[in-house]
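[1] here is a sequence together with a model predicted from it:
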Amino acid sequence: MKRSTFHRLVMAFFGLYALAVTWPVVTLFKDPLPLIFGFPLPLAWSIAWILLGFVVLVILNWFEERR
Amino acid sequence: MADWVWVSMMIAAYLAITLIIGLRAGKGMSATVDGFVAGDRNFNLLIMYFVTGATVFSAFAFLGGPGWAYSRGAAAFYILSYGVLGMAPWYVIGPKVARIGRRLKLVTQAQFLTARFPSKGLSALIALVSVIALIPYITLQIKGAGIVIEAVTQGHVPLWLGALISYGIVLIYVLTSGVAAVGWTNTFQGIFMIVIAWALGLYLPSALHGGIGPMFTEIIAARPELLTLPGLTSGGEPWQWGGYTSAIIISAIGLTMWPHIFMKAFTARDERIIRRTVVLFPTFQLFLVPVFLIGFAGVMTVPNLDQPDFILPHLILNVELPLIVVGLFCAGALSASMSTGDALLHATASVAVEDGLRPFKPMSESAQRALIKVLIVVAGGISYYFAVGESQSLVVLLLTSYGVIAQLAPPVVAALFWSRATTQGVCAGLLAGSGAALYGFFNPEMMPWGLHEGIFGLMVHIPVLLAISYLTPAQAQSHVKLFIEPDLSHEVIKQ
C-alpha cells in the first residue's frame, strides 16, 4: 500500500472514532443494558474504541518505523 | 500505636523515596537553561511514557474521576473518549515540533509560535494565557494532596500541613534537579498510580458487591438514569448532549496544547520516542477504567455523600481495609497530585520567564535559570495560598482554562501546516478566540445546547485567523518553509 493511502486510512479511522463517541452516533449506545463483560454498554463502547485506537496506532508505528 | 500514625509513617516513607529519586536525577545534567528546562533533550522512551501519562492524569483523575462516576455516572465516560483522540494528532505534530525546536533551539511553546510569527506581544499573550490556565490547575493538585493526607490521618495532619509538606518536597527536587527530577519521579509515580488504581478498582467492586457485573446490575436496577448517556450534571439533572459532545471535542483539542505537555516535545531524545509515547498512550488511558469502577462501587454503598470528590478516601476508610492498603492508596493519590504538580510548576515558571519577560529584557543564562527557580517558588506560593483558602470556584476556573488553552491549537496548526498564516492573523485570532471563550463563560445562557464556551471561542477564532491572514501580506516563503517542511529546509539552516 502507498504511504499516503495508508495515512489517509489512519486519518479516516480517527475521524470515525470522533464520530462514534459523540452525538449523534453515540446515542445508539446510550442505554446501560446489555452488560458487556460486566460493563454497561456505553462504558464498553468507550473502552472498545480506546483498544481499537491502540491497535491502529501500533500498526501505524510499525509501518512508519519499517520504512 | 494508632492507625493514623502507621499511615503517616507510610506516607513519610513514600515521600522520602520520591525525594531521593528526585534529587539523584539532577546529577550529570548541564547547568544551562537548556539543561534545566529541556533536560538536555535526552529522555528515553520509558521516562517519556510515564512523564506524559503521569502528567496528563492528575489528582483530578484520581479523586475527580471516582467523584464524577459516583455523582454524574455516564457523564464521566467523556473523559475516556477524548484522550486517544486528543493524543493521536501528536504523532504527526509532536515530531515536527521537536525537529524545529532542536534546530532553532526552542524550549517553550511561545518560542515555537513566535519563531514562525515574530511578535513580542504574541509571546507575552501566550505567557499570560498559559499562566492564567496553569495556576488553578496547580492549586487543585496541591489541594488534592492536602485532602488525601487529611482524610487518611483522620484530621491529625490538617490540609494546610499535608499540602505544605508534600509540595515542600516537590519544590526541593524541582529546584535542585529541574525537569530531570520531573522525569524520574514521574516514572516512579506513574508505575505506582497504575498498580494502585487497578488493585483498588478490582478489589472494591468485588469486596462491596461481589464483582463488577453484579455491581452494575445493582446500580442499573436502582438508578438506570445514572448509567445512561450523557449522564447527569453536578446538580443531578440529565446532562445535555451538546455539553457531553463539546466537552469531548474541546478536551481533545486542548489536551496537547497544555504548555507542560507541549513542552515535552522539546525534551525527547529523538522523534521515535515521541511517536512511541503516542502509540502507548491508550494503555495509560485505560487507567481511568478502574478509577471509575471505584466511584461506581460507592453508588449503592454510600448514598448521598456531600462532596463526591471524597468518595475514594471515604470508601477506603469505611470498608475496613488493611492499613497497608490505606497507606498505598495514599501514596498513589499523592503520586497523581505531585507528578502533575511538579511538571505544572516547572512549566509555569519557565513560560513566565522565557516568554513573558525575556523578549522584553535580555538576560544571561544564569540569571534566567535563577529567575525560573524564584518563580517556581512564587507560583507554588500563590497556588498554595488558593489551595488552603476558600476556593470552590477553582474547579470552574480549571474547566474554563481548558477552553482558553484550546485557543492555542489554531496558531500551532497554522504554524506547521498553513503557509498563508500571518503574525497579525494569529494575534487577532488568539485575542478574539480567548475573548469569546471568556465571554461565553460569563454568559452561559448565551451558549445553545449546553455548548462548551471553548468551542464558541474556536468558532470565532478560526474565521478571524483566516480573514486577517488573507488581508495582511504573506510571510516570505523561505521563512515559512522552515516550519511547513522542516526536513527540506535543513540545508538552509546549516548555512
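    The structure has been received and is ready for your questions.
[2] wait, isn't B:Phe483 in contact with B:Ile100?
    Yes - using Cβ atoms under 8 Å, B:Phe483 is in contact with B:Ile100, at 6.2 Å. All C-beta atoms are positioned from the backbone trio N, CA, C, and that covers glycine.
[3] quickly list what's touching both of these two.
    Counting by Cβ atoms under 8 Å, 6 or more residues apart in numbering or on different chains, the contacts common to B:Phe483 and B:Ile100 are B:Ala115.
[4] and the two? Which one has more around it.
    Ranked by neighbour count (other Cβ atoms under 10 Å in any protein chain shown), B:Phe483 and B:Ile100 place B:Phe483 first, with 25 against 22.
[5] any idea how far A:Val21 is from chain B?
    The spacing between A:Val21 and chain B, counted by Cβ to the nearest Cβ, to the nearest Å, is 4 Å.
[6] list phi and psi for B:Ala268.
    Main-chain dihedrals, B:Ala268, degrees, to the nearest 10: phi -70, psi 140.
[7] for it, name its beta-bridge partners.
    For B:Ala268, the beta-bridge partners are B:Phe43 (DSSP bridges).
[8] hang on, it packs against B:Arg99?
    No - in terms of Cβ under 8 Å, B:Ala268 does not count as a neighbour of B:Arg99; the distance is 10.6 Å.
[9] which one's more surrounded, the two?
    B:Ala268 (30 against 17).
[10] for chain B, what lies in contact range of chain A?
    B:74, B:77, B:80-81, B:83-85, B:88, B:91, B:211-213, B:216-217, B:220, B:224, B:227-230, B:241-242, B:244-245, B:248-249, B:252, B:272, B:275-276, B:278-279, B:281-283, B:285-286, B:289, B:292 (Cβ under 8 Å from any Cβ of the partner chain).
[11] buried ones among those residues?
    B:74, B:77, B:80-81, B:83-85, B:88, B:91, B:212, B:216-217, B:220, B:227-230, B:241-242, B:244-245, B:248-249, B:252, B:275-276, B:278-279, B:281-282, B:285-286, B:289, B:292 (16 or more other Cβ atoms under 10 Å in any protein chain shown).
[12] quick one: which of those residues sit in helices?
    B:77, B:80-81, B:83-85, B:91, B:212, B:216-217, B:220, B:241-242, B:244-245, B:248-249, B:252, B:275-276, B:278-279, B:281-282, B:285, B:289, B:292 (DSSP state H).
[13] report the closest residue of chain B relative to chain A.
    B:Gly213 (3.3 Å; Cβ to the nearest Cβ).
[14] packing partners of the helix or strand hosting B:His260?
    Using DSSP states H and E, B:His260 falls within helix B:259-262. In terms of contacts (3 or more Cβ pairs under 8 Å, 6 or more residues apart in numbering or on different chains; DSSP states H and E), helix B:259-262 is packed against helix B:45-56, helix B:120-152, helix B:323-351.
[15] try it again with 10 Å
    helix B:45-56, helix B:90-104, helix B:109-116, helix B:120-152, helix B:241-255, helix B:323-351, helix B:393-405 (3 or more Cβ pairs under 10 Å, 6 or more residues apart in numbering or on different chains; DSSP states H and E).
[16] nearest to B:Pro205, of these?
    With Cβ to Cβ as the measure, helix B:323-351 is the member of those nearest B:Pro205 (14.9 Å).
[17] now the helix or strand following the closest one: mean pLDDT?
    Where DSSP H and E defines the elements, the next helix or strand beyond helix B:323-351 is helix B:365-388. Taken as a whole, helix B:365-388 carries a mean pLDDT of 87.
[18] what comes up buried for helix B:365-388?
    B:368-369, B:371-373, B:375-376, B:379-380, B:383-384, B:386-388.
[19] show me what that helix is packed against.
    Using 3+ Cβ pairs under 10 Å, 6+ apart: helix B:365-388 touches helix B:33-38, helix B:120-152, helix B:159-177, helix B:323-351, helix B:393-405.
[20] which of those helices comes out lowest on mean pLDDT?
    helix B:33-38 (a mean of 55).
[21] and the gap between the closest residue to chain B within chain A and B:Ile194?
    As assessed by Cβ to the nearest Cβ, chain B sits closest to A:Gly38 within chain A, at 3.3 Å. A:Gly38 sits 21 Å away from B:Ile194, going by Cβ to Cβ, to the nearest Å.
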